[in-house]
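Undergrad: sequence below, structure please.
(chains A, B and C)
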Amino acid sequence: MSYYLSIILFTPLAGAFVLLLVNKENENAIRWIANVVAFLGFVVSVPLWFWFDPRGADFQFVERAAWIPSVGAEYFLGVDGLSTLLILLTTLMGTIAVLSSWTAITERVKEYYIFLLVLQTGMLGAFMSLDFLLFFLFWEVMLVPMYFLIGIWGSANRLYSAIKFFLYTLVGSVVMLLGILALYFAYHVQTGVYTFDVTQYQKAGFDAGLQWWVFLAFFLGFAIKVPMFPFHTWLPDAHTDAPTAGSVILAAVLLKMGTYGFLRFSLPILPDASHRFVPMMVVLSIIGIVYGALVALAQKDWKRLVAYSSVSHMALVMLGMFALNPVGITGSIVQQLNHGISTGALFLLVGIVYERRHTREISEYGGLSKVMPVYAAIFLIMTMSSIGLPTLNGFIGEFLILQGVFVADKRWAAFAASGIVLGAAYMLYLYQRTMFGKVENPKNERLLDLDNREFATFAPLLVLAVWIGIYPAPFLRRLESSVQHIVVRVSPQYAAKYAECNPTPTPDRVAASSNPAAKFLAAIPCDANGNPLPEKR
Amino acid sequence: MVPLNYYLVLSAMLFAIGTAGVFVRRNLITILLSIEIMLNAVNLTFVAFGRALGSADGQIIVFFVMTVAAAEAAVGLAIVIGLFRHRESLNPDSWTALKW
Amino acid sequence: MPPGISTSDFYYILPELVLTAGALVVLIADVLLPRERRSALSWVTLAAVGATLASLLPFTSTHVEVAHGLLAVDRFALFFKIVFLVAAAITVLMSVRYLAIEGASPGEYYFLILCATLGMMVMAGGIDLITIFIGLETMAVSFYILAGFIKPNQRSNEAAVKYFLLGAFSLGILLYGMSLMYGLSGTTNLRVMATSFGAMAGDSRLALAVILVVAGVGFKIAAVPFHMWAPDVYEGAPTPVTAFLSVGSKAASFAMLIRIFVEGLPSASEDWRLLFWVLSIATMTVGNFAAVTQTNVKRMLAYSSIAHAGYVLIGIVAGTSRGITATLVYLMVYSFMQLGAFAVVVMLRRADVVGDELKDFSGLASRNPFAAFAMLLFMLSLGGIPPTAGFMGKFWLFSAAIDAHYYWLALIGVLNSAVSLYYYIRIVVFMYVKKETLGSEPTTSPTLAVVLAVAVAATLVLGVYPQLLFNVAAASARTLGAAGATAALR
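TA: Below is the predicted model:
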């Protein structure tokens, strides 16, 4: 049994313990240690990209140890393609968040970094856990450090935003706990076994009535996190009042917890309910897309605008997911990664000007591209990524989602497309107001451009944005088996066709295929509907 | 022989009088007395049942209850005296130090 | 069989005898020791508690009835006795500093603590109405005196009078119910009663008895609507006494509740389950919402304690073996976090500052990081956030509820649990976020440090690795009752 996942999981926590021992006066040492630990956490997780075998078993690097045998809870970790990508996103964004806080945080520095690192462990644990109770533990553990990060180091109104975030998310989580318990006992009735093993639940068949209620319970927990309309009201406050690193982590990673929850738990374990709730999910998603975009258009606070753009983007992600076909789900996952990259970068950008000018009012800015050209360039790239310009990552996600949604229902695709147009509207409007035109405000004339450290926080994001935009195949390849795994459960009609033209790749099939360069795709490719494409020999 | 129900009704009435006294009376000592009436009603019930069932258990329990009630009353009166030293009043409405 | 107590019975009540002897030793030592050496009394008390704990060791797997069915020495009683003794030890450690500041006489104080513990132990083991009554009274009278122990303090006196009056009143109601139970069954032994009640389920006189006993027990556990005494008494009594009251008395009352209802009244289980269902929902909700408005930390903890009784009642309502196990687990876990929280309140007490208002907690994180972290942990545990013991306890309670198909109860429970975090976090905000220097300077003493360390360790360890506690509690719950009673545990 490998310990690799545990190493990734506990590296940040170990770093937090080390920080406990450092004297709180020695701020420089604290900053260096925290950054080194965060970077180490990222470096330790990079092999996951190479070692994860897309053709291999469903869940890899599995670790199982008894935890509470009398209840059937285990220390059960494992990753598939979906979790691998999300874990890499988490460790990367964690490193960037820690790096971005170097000059931004000047008080109670030690506690700040300790909370960030503990939060990191919580998030990683939630993505890795395959035991429901363990997952719930990590899910709740995330709340406390985030509350402190917002409450202590946030801006005006931070206490209100922090407690709103905390209680809102908590209510969703505890209702989710009841759903977990209902599944736990139903599984026992079926099989006589008490277990929290998610992989077992994913193979079991639950009664449709039970699925309905449990889906609702899970819905509350995950939808608040995503956040879906109408449970999104905590997000603008929390994002706006959090410190930069907090906003980055919130947007880039914490929001993905909700969608991850749907993908890992709601869809595979509750397939019948997922289908029955499609109308509700689609309606809420479409409202979220359009509403989020319209409200973003009306914002005067820069950070709040980006926060509402998050609502809109994540609603698009949910729409793609609940098209319930392989392309839609793949697009949804890719767009989650893209959102993490682009919105994380957008929050970093806001944080940089906020550190310089201590205001988030859009009207205070203007013409910054003349004063901070590098900043403006990065901002432009990330704006285009957020909008979905081809050659950048946003396009790939949006295109796949639209394709999947179009297959499911053309009207939905029409709404989704309108949301994309609105997205372009508010982002470009923001860019124009802040970057273009004359430098009206004299305070803006002396702003410094990005220094090396700040540029370093953007570099990986820029690389990823272009990489996914131009050559997404490695990412899609790793997602294949996860999406297949989900689709097999929730929309088996696709899986069947998938199996015909894309049979589970085994080494001999790959070897026997006429295209030996296709490392895992077998000879017959499929189109979005799962129909075999005509052979071009 | 007096039927069991007569005893039970009497003790129920005594219990009710005691309970009403606890809620209505405005003097600490009287409240204490009302509680004692309640306990005596209980004693009566025990003895009545004991007799009806033909066992001595009822009367034995009454011994226990009486002893404990006496001890409790002693302690209670000591506490009331302690309070009286502060306030010179036995009216429960006059203490407002512990309110909402 | 010759009537009365036989010599072998003395062996089984060894722990109680040891504790009685210890209490008498403390009292005598108080008289004999010169005034300056009075502080040694706390060590004598701790030695007594330790000796009692040690004397529990031979009984870890006994299952007998003593003196022809007056006391039971089984794992259920053993579990509770451990809870009481640990709580007593922690209370004694907490009281050392507090008594020194207040200038109260320690000898009688420690004697009363030991007497209260003795009463609790008898309540946990009692399977006869008389025994339960005697244990209850021993505990209650000791607490009446303890609540008013700081004689110069007016709030303390008032607390004692309120507690006494309402306690005696509730005792009357409970006794009346017990008398009806006796009359209807012809015996005072709970286990024998269960079989004779089996024939008369649904009898309205039995229902009346059940209602009266529920009311009487409801007073002791401070369930709504019988909770009116609790906030006043908790606020007015000396803080260590409040701590012991909220933990020991509550646990003992729950032990009594389980004995009476699960062992003695399984045939009326439809009635009392419904009554406790109502009580549970009312208690959780009222307790929580009342706590939200409080600015006095002791009063807030009092209302939170009321709400917690509501959560524990969920386990009773579920009524299955899993439910009783959950009750036991939660009571053990609750003891540590509640005692810990009160210990931090004691820390803020100085000669001139009472230290129990919210503003006294301001900036505690910068003054005494360990105490602030401990309080943070206890607040999170009381609210049920992993990885604390409080979460494990609540998890077990809610799973018992779901298992027994009480879905609405579980839903209300989790929502209340979420709401409660609002006021728990408020203390955390004062400690960590507010930087005002109005806060009280905490006093540290070695005994308080030990208390905090023990409570923190228990909360964290049981939160991450609760396996041992689950097993012990399950084993204890299974030993409940003779053949007649197990019908109540589905």
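Undergrad: what's around the residue in the stretch 301-450 of chain A that chain B sits nearest to, how many residues?
TA: Of all residues in the stretch 301-450 of chain A, residue A:304 sits closest to chain B, at 39.8 Å by C-beta to the nearest C-beta. Just so you know, the C-beta spots here come from the backbone N, C-alpha and C atoms, and that holds for glycine as well. Counted by other C-beta atoms under 10 Å in any protein chain shown, the residues lying close to residue A:304 total 22.
Undergrad: OK, contacts around it?
TA: Under the criterion of C-beta atoms under 8 Å, 6 or more residues apart in numbering or on different chains, the neighbours of residue A:304 are A:236, A:239-240, A:360.
Undergrad: in chain A, which helix has the most residues?
TA: helix A:158-191 (DSSP state H).
Undergrad: can the worst-scoring helix or strand of chain B on mean pLDDT be said to contact chain C?
TA: Within chain B, judged by mean pLDDT, DSSP states H and E, the helix or strand with the poorest mean is helix B:57-87; its value is a mean of 89. Yes - counting by C-beta under 8 Å from any C-beta of the partner chain, chain C has neighbours in helix B:57-87: B:57-58, B:60-61, B:64-65, B:68, B:71-72, B:75-76, B:78-80, B:82-83, B:86.
Undergrad: mind checking which of those are buried?
TA: B:57-58, B:61, B:64-65, B:68, B:72, B:75-76, B:79-80, B:82-83 (16 or more other C-beta atoms under 10 Å in any protein chain shown).
Undergrad: which helices and strands sit right next to the longest helix of chain A?
TA: Using 3 or more C-beta pairs under 8 Å, 6 or more residues apart in numbering or on different chains; DSSP states H and E as the contact definition, the elements that helix A:158-191 packs against are helix A:132-141, helix A:143-153, helix A:198-203, helix A:208-225, helix A:234-241, helix C:389-403, helix C:407-428.
Undergrad: give the buried residues for the shortest one.
TA: By neighbour count with 16+ other C-beta under 10 Å, helix A:198-203 contains the buried residues A:198, A:201-202.
Undergrad: just those now: which is nearest residue C:332?
TA: residue A:198 (29.7 Å; C-beta to C-beta).
Undergrad: residues contacting the closest residue to the closest one other than its chain neighbours?
TA: Closest residue to residue A:198 apart from its sequence neighbours, by C-beta to C-beta, 6 or more residues apart in numbering or on different chains: residue A:130 at 4.8 Å. With contacts defined as C-beta under 8 Å, 6+ apart, the neighbours of residue A:130 are A:59, A:62, A:76-78, A:197-199.
Undergrad: of all the residues you listed, which comes closest to residue B:49?
TA: Nearest to residue B:49 among the contacts of residue A:130, with distances taken as C-beta to C-beta, is residue A:197, at 56.7 Å.
Undergrad: might you report the residue contacts of that closest one?
TA: Per C-beta under 8 Å, 6+ apart, neighbours of residue A:197: A:72, A:74, A:76, A:130-132.
Undergrad: which helix or strand contains the residue in the stretch 201-350 of chain C that chain A sits nearest to?
TA: The nearest approach of the stretch 201-350 of chain C to chain A comes at residue C:325, 9.6 Å away (C-beta to the nearest C-beta). Assigned by DSSP states H and E, residue C:325 belongs to helix C:321-347.
Undergrad: if we go by neighbour counts, what in the following helix or strand past that helix is buried?
TA: Counting by DSSP H and E, the next helix or strand C-terminal to helix C:321-347 is helix C:364-367. Using 16+ other C-beta under 10 Å as the test for burial, helix C:364-367 gives C:364-365.
Undergrad: by contact count, what packs against helix C:364-367?
TA: Going by 3+ C-beta pairs under 8 Å, 6+ apart, helix C:364-367 lies up against helix C:369-383.
Undergrad: quick one, the helix it packs on and helix A:158-191 angle?
TA: Relative orientation of helix C:369-383 versus helix A:158-191 (axes from the mean of the first three to the mean of the last three C-alpha atoms, to 10 degrees): 50 degrees.
Undergrad: circling back: what's the average pLDDT for the longest helix of chain A?
TA: The pLDDT scores in helix A:158-191 average 91.
Undergrad: next one: the residue nearest to residue A:198 from chain C, what distance?
TA: Relative to chain C, residue A:130 is positioned 17 Å away (C-beta to the nearest C-beta, to the nearest Å).
Undergrad: and that residue, how far from residue A:458?
TA: Residue A:130 sits 34 Å away from residue A:458, going by C-beta to C-beta, to the nearest Å.
Undergrad: and the residue of the stretch 201-350 of chain C closest to chain A, what is it in contact with?
TA: Residue C:325 touches C:315, C:396, C:400, C:470, C:473-474, C:476-477, counting by C-beta under 8 Å, 6+ apart.
Undergrad: got the buried residues for stretch B:7-23?
TA: Buried-residue list, stretch B:7-23, by 16+ other C-beta under 10 Å: B:7-8, B:11, B:14-15, B:18-19, B:21-22.
Undergrad: close to chain C: what parts of the stretch 201-350 of chain A are there?
TA: Counting by C-beta under 8 Å from any C-beta, no residue of the stretch 201-350 of chain A is near chain C.
Undergrad: where does the stretch 201-350 of chain A have low pLDDT?
TA: Nowhere does the stretch 201-350 of chain A drop to pLDDT under 70.
Undergrad: what about the helix or strand hosting residue C:279 and chain B, touching?
TA: According to DSSP H and E, residue C:279 maps onto helix C:269-292. No - applying C-beta under 8 Å from any C-beta, one finds helix C:269-292 out of contact with chain B, separated by at least 9.3 Å.
Undergrad: most neighbours among the contacts of residue A:304, which one?
TA: Counting by other C-beta under 10 Å, top hit in these: residue A:239 with 27 neighbours.
Undergrad: can you tell me the element the closest residue to that residue other than its chain neighbours falls in?
TA: For residue A:239, ignoring the flanking residues on the chain, the nearest one in space by C-beta to C-beta, 6+ apart is residue A:307 at 3.8 Å. Under the criterion of DSSP H and E, residue A:307 resides in helix A:302-321.
Undergrad: can you name the next helix or strand after that helix?
TA: helix A:326-357.
Undergrad: now do the buried residues in that next one.
TA: For helix A:326-357, the neighbour count (16+ other C-beta under 10 Å) marks A:326-354, A:357 as buried.
Undergrad: average pLDDT across the following helix or strand past it?
TA: For helix A:326-357, the following helix or strand on the C-terminal side (DSSP H and E) is helix A:368-371. In this model, helix A:368-371 has a mean pLDDT of 85.
Undergrad: who does the helix or strand following helix A:368-371 touch, helix- and strand-wise?
TA: Once helix A:368-371 ends, the next helix or strand along the chain (criterion: DSSP H and E) is helix A:373-387. Helix A:373-387 is packed against helix A:326-357, helix A:368-371, helix A:393-408, helix A:410-435, helix A:452-470, with contacts defined by 3+ C-beta pairs under 8 Å, 6+ apart.
Undergrad: worst mean pLDDT among those?
TA: Looking at the helices and strands packed on helix A:373-387, the bottom one is helix A:368-371 with a mean of 85.
Undergrad: other residues contacting that one?
TA: Taking C-beta under 8 Å, 6+ apart as the rule, helix A:368-371 contacts A:353, A:375-376, A:434-436, A:439, A:444-447, A:449.
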